[in-house]
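Novice: I need the structure of the sequence given here:
(one chain, ligands or ions: 1)
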Amino acid sequence: MRPLRLVWIYPDLLSTYGDRGNLLVLERRARLRGLQAEVTEVNSDQPVPPDGHIYLMGGGEDLPQTLATRRLQADGGLHEAVRRGAVMFAVCAGYQMLGVEFGGAEDQPVAGLGLLDIRSGRGECRAVGEIVAEVDPELTVPLLTGFENHQGVTSIGPGARPLARTTLGTGNGDGTEGAYAGHVLGTYLHGPALVRNPGLADLLLSWAAGPLPPLPPQADELARRLREERLRAVGAGQ
Ligand code: GLN
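Specialist: So this is what the prediction gives:
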(Lines give C-alpha, C1' and ligand atoms only; values in the text may rest on other atoms or scores of the structure.)
Protein backbone atom coordinates (compact mmCIF):
# COMPACT_ATOMS: atom_id res chain seq x y z
CA MET A 1 0.00 0.00 0.00
CA ARG A 2 1.20 3.52 -0.71
CA PRO A 3 1.78 5.65 2.40
CA LEU A 4 -1.28 6.44 4.46
CA ARG A 5 -1.87 10.12 3.84
CA LEU A 6 -3.17 12.05 6.86
CA VAL A 7 -4.47 15.55 6.13
CA TRP A 8 -4.84 18.07 8.96
CA ILE A 9 -7.27 20.72 7.81
CA TYR A 10 -6.71 24.37 8.70
CA PRO A 11 -4.49 24.24 11.80
CA ASP A 12 -4.42 28.05 11.53
CA LEU A 13 -8.17 28.25 12.27
CA LEU A 14 -9.16 24.94 13.89
CA SER A 15 -6.84 23.58 16.53
CA THR A 16 -8.09 24.24 20.06
CA TYR A 17 -7.28 22.20 23.20
CA GLY A 18 -4.40 20.32 21.61
CA ASP A 19 -6.58 18.61 19.00
CA ARG A 20 -3.40 18.21 16.91
CA GLY A 21 -2.72 15.26 19.24
CA ASN A 22 -5.27 13.32 17.17
CA LEU A 23 -2.97 13.56 14.19
CA LEU A 24 0.07 12.45 16.20
CA VAL A 25 -1.77 9.43 17.56
CA LEU A 26 -2.94 8.28 14.12
CA GLU A 27 0.56 8.68 12.76
CA ARG A 28 2.10 6.73 15.65
CA ARG A 29 -0.43 3.91 15.65
CA ALA A 30 -0.09 3.51 11.88
CA ARG A 31 3.72 3.33 12.12
CA LEU A 32 3.56 0.82 14.99
CA ARG A 33 1.66 -1.42 12.52
CA GLY A 34 4.40 -0.99 9.91
CA LEU A 35 2.26 1.36 7.82
CA GLN A 36 4.03 4.38 6.41
CA ALA A 37 2.19 7.58 7.29
CA GLU A 38 2.61 10.91 5.57
CA VAL A 39 1.22 14.07 7.17
CA THR A 40 0.00 17.09 5.20
CA GLU A 41 -1.01 20.24 7.05
CA VAL A 42 -3.25 22.50 5.00
CA ASN A 43 -3.69 26.10 6.11
CA SER A 44 -6.82 28.02 5.17
CA ASP A 45 -5.11 29.79 2.25
CA GLN A 46 -4.05 26.49 0.67
CA PRO A 47 -6.03 23.99 -1.43
CA VAL A 48 -7.18 20.77 0.26
CA PRO A 49 -5.64 17.79 -1.57
CA PRO A 50 -8.44 15.40 -2.56
CA ASP A 51 -6.27 12.24 -2.48
CA GLY A 52 -5.75 11.83 1.29
CA HIS A 53 -6.85 8.76 3.25
CA ILE A 54 -7.80 10.36 6.60
CA TYR A 55 -8.80 14.01 7.07
CA LEU A 56 -8.88 15.69 10.47
CA MET A 57 -10.41 18.91 11.76
CA GLY A 58 -10.20 20.25 15.30
CA GLY A 59 -12.24 22.63 17.42
CA GLY A 60 -12.33 26.38 16.95
CA GLU A 61 -13.89 29.64 18.05
CA ASP A 62 -17.16 30.78 16.43
CA LEU A 63 -15.73 33.18 13.84
CA PRO A 64 -12.87 30.96 12.60
CA GLN A 65 -15.44 28.13 12.39
CA THR A 66 -17.60 30.16 9.97
CA LEU A 67 -14.60 31.31 7.95
CA ALA A 68 -13.20 27.78 7.70
CA THR A 69 -16.57 26.47 6.49
CA ARG A 70 -16.79 29.08 3.71
CA ARG A 71 -13.26 28.32 2.54
CA LEU A 72 -13.75 24.56 2.55
CA GLN A 73 -17.01 24.94 0.65
CA ALA A 74 -15.34 27.12 -1.98
CA ASP A 75 -12.30 24.84 -2.20
CA GLY A 76 -14.20 21.59 -2.80
CA GLY A 77 -11.20 19.30 -2.10
CA LEU A 78 -12.65 17.83 1.08
CA HIS A 79 -16.00 17.13 -0.60
CA GLU A 80 -14.22 15.30 -3.40
CA ALA A 81 -12.19 13.26 -0.90
CA VAL A 82 -15.31 12.23 1.05
CA ARG A 83 -17.07 11.30 -2.20
CA ARG A 84 -14.10 9.05 -2.96
CA GLY A 85 -14.58 7.31 0.43
CA ALA A 86 -11.85 9.02 2.46
CA VAL A 87 -12.15 8.92 6.26
CA MET A 88 -13.16 12.19 7.94
CA PHE A 89 -12.69 12.75 11.67
CA ALA A 90 -13.81 16.08 13.13
CA VAL A 91 -13.97 17.50 16.64
CA CYS A 92 -16.33 20.09 18.14
CA ALA A 93 -16.37 23.10 15.77
CA GLY A 94 -15.14 20.74 13.04
CA TYR A 95 -17.96 18.32 13.89
CA GLN A 96 -20.60 21.04 13.65
CA MET A 97 -19.10 22.23 10.36
CA LEU A 98 -19.68 18.82 8.76
CA GLY A 99 -23.42 19.22 9.22
CA VAL A 100 -26.20 20.89 7.28
CA GLU A 101 -26.08 24.02 9.45
CA PHE A 102 -24.73 25.35 12.73
CA GLY A 103 -25.22 28.40 14.94
CA GLY A 104 -22.87 31.28 14.15
CA ALA A 105 -21.36 33.83 16.55
CA GLU A 106 -24.73 35.66 16.88
CA ASP A 107 -26.68 32.37 16.80
CA GLN A 108 -27.58 33.02 13.16
CA PRO A 109 -27.84 29.79 11.13
CA VAL A 110 -24.73 29.24 9.03
CA ALA A 111 -24.76 26.68 6.19
CA GLY A 112 -22.45 23.77 6.95
CA LEU A 113 -20.50 21.52 4.59
CA GLY A 114 -23.39 19.06 4.26
CA LEU A 115 -21.14 16.00 4.70
CA LEU A 116 -23.04 14.60 7.71
CA ASP A 117 -26.80 14.67 8.41
CA ILE A 118 -26.66 16.76 11.58
CA ARG A 119 -27.84 20.27 12.51
CA SER A 120 -26.40 22.35 15.32
CA GLY A 121 -27.57 25.46 17.10
CA ARG A 122 -26.61 27.19 20.31
CA GLY A 123 -27.73 25.66 23.61
CA GLU A 124 -28.95 27.52 26.70
CA CYS A 125 -25.65 27.17 28.51
CA ARG A 126 -22.11 26.18 27.70
CA ALA A 127 -21.19 22.53 28.23
CA VAL A 128 -17.82 22.38 29.96
CA GLY A 129 -16.23 19.41 31.67
CA GLU A 130 -15.47 15.72 31.49
CA ILE A 131 -17.60 13.52 29.28
CA VAL A 132 -18.03 9.75 29.25
CA ALA A 133 -20.05 7.90 26.62
CA GLU A 134 -20.81 4.34 25.51
CA VAL A 135 -20.07 3.84 21.82
CA ASP A 136 -22.58 2.35 19.36
CA PRO A 137 -21.97 -1.44 19.77
CA GLU A 138 -21.68 -1.76 15.95
CA LEU A 139 -18.32 -0.01 16.18
CA THR A 140 -16.82 -2.15 18.98
CA VAL A 141 -14.92 0.74 20.56
CA PRO A 142 -14.53 0.91 24.37
CA LEU A 143 -16.09 3.60 26.58
CA LEU A 144 -15.24 7.13 25.36
CA THR A 145 -13.55 9.54 27.74
CA GLY A 146 -12.92 13.18 26.89
CA PHE A 147 -13.30 16.82 27.72
CA GLU A 148 -15.98 19.07 26.23
CA ASN A 149 -16.27 22.85 25.95
CA HIS A 150 -18.97 24.05 23.57
CA GLN A 151 -22.16 26.05 23.39
CA GLY A 152 -23.57 24.08 20.48
CA VAL A 153 -26.26 21.39 20.66
CA THR A 154 -26.66 18.97 17.79
CA SER A 155 -29.53 16.92 16.43
CA ILE A 156 -28.97 13.93 14.20
CA GLY A 157 -31.03 13.36 11.05
CA PRO A 158 -32.01 10.02 9.51
CA GLY A 159 -28.84 9.91 7.40
CA ALA A 160 -26.49 9.55 10.39
CA ARG A 161 -26.28 7.62 13.67
CA PRO A 162 -25.19 8.75 17.12
CA LEU A 163 -21.60 7.77 17.81
CA ALA A 164 -22.33 7.13 21.50
CA ARG A 165 -24.71 7.58 24.46
CA THR A 166 -23.50 9.84 27.23
CA THR A 167 -23.25 8.57 30.79
CA LEU A 168 -21.63 11.84 31.94
CA GLY A 169 -21.60 15.26 30.29
CA THR A 170 -23.63 16.88 27.54
CA GLY A 171 -22.40 15.80 24.08
CA ASN A 172 -25.10 16.52 21.50
CA GLY A 173 -27.45 17.66 24.29
CA ASP A 174 -30.04 14.87 23.98
CA GLY A 175 -28.23 11.98 25.69
CA THR A 176 -26.20 11.15 22.62
CA GLU A 177 -22.68 12.15 21.67
CA GLY A 178 -21.15 12.63 18.21
CA ALA A 179 -22.42 11.13 14.97
CA TYR A 180 -21.23 9.05 12.05
CA ALA A 181 -22.29 7.91 8.61
CA GLY A 182 -20.07 5.77 6.39
CA HIS A 183 -16.51 6.89 7.06
CA VAL A 184 -17.44 10.39 8.24
CA LEU A 185 -17.34 10.69 12.03
CA GLY A 186 -17.61 13.68 14.36
CA THR A 187 -17.48 14.14 18.12
CA TYR A 188 -17.52 16.89 20.75
CA LEU A 189 -14.64 15.20 22.58
CA HIS A 190 -11.34 16.92 23.16
CA GLY A 191 -8.72 15.31 25.33
CA PRO A 192 -7.42 14.97 22.61
CA ALA A 193 -10.07 12.40 21.71
CA LEU A 194 -7.76 9.89 20.02
CA VAL A 195 -5.12 10.15 22.77
CA ARG A 196 -7.68 9.20 25.39
CA ASN A 197 -9.47 6.73 23.10
CA PRO A 198 -6.96 4.69 21.10
CA GLY A 199 -9.80 2.32 20.15
CA LEU A 200 -11.39 5.15 18.19
CA ALA A 201 -8.05 5.90 16.52
CA ASP A 202 -7.77 2.26 15.46
CA LEU A 203 -11.33 2.31 14.08
CA LEU A 204 -10.41 5.24 11.81
CA LEU A 205 -7.16 3.58 10.76
CA SER A 206 -8.94 0.33 9.95
CA TRP A 207 -11.50 2.21 7.83
CA ALA A 208 -8.60 3.58 5.80
CA ALA A 209 -6.19 0.65 5.78
CA GLY A 210 -8.22 -2.51 6.53
CA PRO A 211 -7.96 -4.82 9.55
CA LEU A 212 -5.07 -4.00 11.89
CA PRO A 213 -3.01 -6.31 14.07
CA PRO A 214 -3.32 -5.56 17.82
CA LEU A 215 -0.44 -3.67 19.42
CA PRO A 216 1.75 -5.18 22.15
CA PRO A 217 0.38 -4.08 25.57
CA GLN A 218 3.48 -1.96 26.34
CA ALA A 219 2.75 0.25 23.30
CA ASP A 220 -0.60 1.14 24.90
CA GLU A 221 0.57 1.41 28.50
CA LEU A 222 0.54 5.23 28.73
CA ALA A 223 -2.85 5.48 27.04
CA ARG A 224 -4.22 2.79 29.36
CA ARG A 225 -2.99 4.68 32.42
CA LEU A 226 -4.39 7.99 31.16
CA ARG A 227 -7.80 6.43 30.49
CA GLU A 228 -7.86 4.75 33.87
CA GLU A 229 -6.90 7.97 35.64
CA ARG A 230 -9.48 10.13 33.77
CA LEU A 231 -12.30 7.60 34.18
CA ARG A 232 -11.51 7.05 37.87
CA ALA A 233 -11.55 10.84 38.44
CA VAL A 234 -15.22 10.94 37.43
CA GLY A 235 -16.21 7.69 39.14
CA ALA A 236 -16.44 5.71 35.90
CA GLY A 237 -13.42 3.42 36.50
CA GLN A 238 -13.12 0.45 34.13
N1 GLN B 1 -17.98 27.34 18.57
C2 GLN B 1 -18.51 26.04 18.82
C3 GLN B 1 -19.40 25.95 20.07
O4 GLN B 1 -19.21 26.67 21.02
C5 GLN B 1 -17.36 25.04 18.91
C6 GLN B 1 -16.48 25.28 20.11
C7 GLN B 1 -15.25 24.41 20.12
O8 GLN B 1 -14.80 23.93 19.08
N9 GLN B 1 -14.67 24.23 21.28
O10 GLN B 1 -20.30 25.14 20.09
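Novice: I'd like the distance between the residue positioned nearest the centre of the chain and the ligand.
Specialist: The geometric centre of the chain, computed from its C-alpha atoms, lies nearest to residue 90 (Cα atoms, centre = their mean), at 3.1 Å. Summarising the geometry, the distance separating residue 90 from the ligand, computed by Cβ to the nearest ligand atom, to the nearest Å, is 10 Å. In this view, the C-beta of every residue, glycine as well, is placed from N, C-alpha and C.
Novice: Make sure that residue is actually in contact with residue 54.
Specialist: No: Residue 90 is not in contact with residue 54 according to Cβ atoms under 8 Å; the separation is 11.3 Å.
Novice: So for the biggest strand by length in the chain, mean pLDDT?
Specialist: Looking across the chain with DSSP state E, the single longest strand is strand 118-135. Taken as a whole, strand 118-135 carries a mean pLDDT of 96.
Novice: Please determine whether it lies in contact with the ligand.
Specialist: No: on the criterion Cβ under 6 Å from any ligand atom, strand 118-135 is out of touch with the ligand, staying 7.0 Å away.
Novice: Run through the bridge partners of the residue nearest to the centre of the chain.
Specialist: Residues in a beta bridge with residue 90, per DSSP bridges, are residue 57, residue 186.
Novice: List the contacts of it.
Specialist: The neighbours of residue 90, taking Cβ atoms under 8 Å, 6 or more residues apart in numbering as the test, are 56, 57, 58, 97, 98, 185, 186, 187.
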